[in-house]
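K.L.:
Give me the fold of what follows.
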Amino acid sequence: MNRTFSVLAIAGALAAIGPSGGANAQSTSVPNSGFFVGAGASFNSTQFNDQLLYSQGVSRIYQGGVQVGAGSAGGAVIPDFGNASTFAGTGQAGYFQHLQGSDWLWGAKVSYNYLGASAENKTLAVPQAGSFTGSSPDSFSGNVVVQSYTTNVTNQLALIPFVGRSFEKSFVYLGAGPTLSQVKHDMNGTIGFAAINGSHFNITGTPANFSSSQWVLGGAAVIGATYFFAPTWFLDLSYTYAVTQTKTNTYGGPFSSSTDGYDDIGILSGYFSGGTTTHALTISLNKTF
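P.N.:
Residues are numbered from 1 along each chain as shown. I've put the predicted structure just below:
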């Protein structure tokens, strides 16, 4: 919220530079309309929301090559991720146009921000509860232990229609629109353990790695101000609040292990889900055409 107030204060300061003039007034430095492109940098604070990791194992139990039972277990955990702060390069392109005979204007821009924000949980345990069948059926507990669980958001595109009002050498604006963001999850060194009759057993054997990358939809709201220091050049300072949808993706892979003369052959699978919220302060140099 403090960032929003800061941008509003800057927008007000820019608006106060000199007397206001109409879009068609001779004194204004703001073009009546124009396409623009620009590049700059942003400071981003990203929070990873609604995170959930679910794991389950399903196996058949063999002895001497003969199936003697089956087992399954599952459970979930909410990973605790902190905020990630990053500096990033940005780019944008768009168009604006004044309403005829008015200081008010409308426009739209497409922006790109390489967030590069990531957060990691080390030695994350996913609690498990399950049972097995056979000559001595029983229930058991355990954990799927993940040596490193990472989530990140990298590339983010936004399409922002906006409205604004121009002054002698500037205009202020606000807008909102959809976003498209690339998010990724990584689970490294994943092993499923079971506690049976007071003993702990490695059920899944060799540590497994799982990874998922996808593009997800979201939305963003933007407030900003420009300053024309030359007829076709301006600075753009903006604050953006962006969120991604909470997306769920699955993972899975086979496993095998041997313990006390028994062989477990099965599949370790599950899903991870989550979303992000990003606050971004951006400054860019732009040229109009």
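
K.L.:
Can you tell me the number of residues neighbouring residue 87?
P.N.:
10 (other Cβ atoms under 10 Å). In short, each C-beta sits where N, CA and C put it, glycine included.

K.L.:
and if you look at the one 4 residues further on?
P.N.:
For residue 91, the tally of surrounding residues (other Cβ under 10 Å) stands at 14.

K.L.:
Now do the SS call for it.
P.N.:
strand (DSSP: H, G, I helix; E, B strand; the rest coil).

K.L.:
In terms of pLDDT, where does it sit?
P.N.:
On the pLDDT scale, residue 91 is placed at 98.

K.L.:
That one: what's it in contact with?
P.N.:
37-40, 111-112, 284 (Cβ atoms under 8 Å, 6 or more residues apart in numbering).

K.L.:
redo that, cut-off 10 Å
P.N.:
37-40, 110-114, 284 (Cβ atoms under 10 Å, 6 or more residues apart in numbering).

K.L.:
try residue 151
P.N.:
By Cβ under 10 Å, 6+ apart, the neighbours of residue 151 are 48, 51, 53, 79, 81, 84, 117-121, 183-186, 212, 272-274, 276.

K.L.:
Determine how far the helix or strand where it lies lies from the middle of the whole chain.
P.N.:
Assigned by DSSP states H and E, residue 151 belongs to strand 138-166. Centroid separation between strand 138-166 and its chain, computed with Cα atoms, centre = their mean, to the nearest Å, is 4 Å.

K.L.:
now do stretch 70-77
P.N.:
With Cα atoms, centre = their mean, you get 28 Å for stretch 70-77.

K.L.:
list the buried ones in it?
P.N.:
70-71, 73-75, 77 (16 or more other Cβ atoms under 10 Å).

K.L.:
Cross the contacts of residue 151 against strands and list the overlap.
P.N.:
48, 51, 53, 84, 117-121, 183-186, 212, 272-274, 276 (DSSP state E).

K.L.:
Buried ones among these?
P.N.:
The buried subset of the ones in strands among the contacts of residue 151 - by 16+ other Cβ under 10 Å - is 48, 51, 53, 84, 117-121, 183, 185-186, 212, 272-274, 276.
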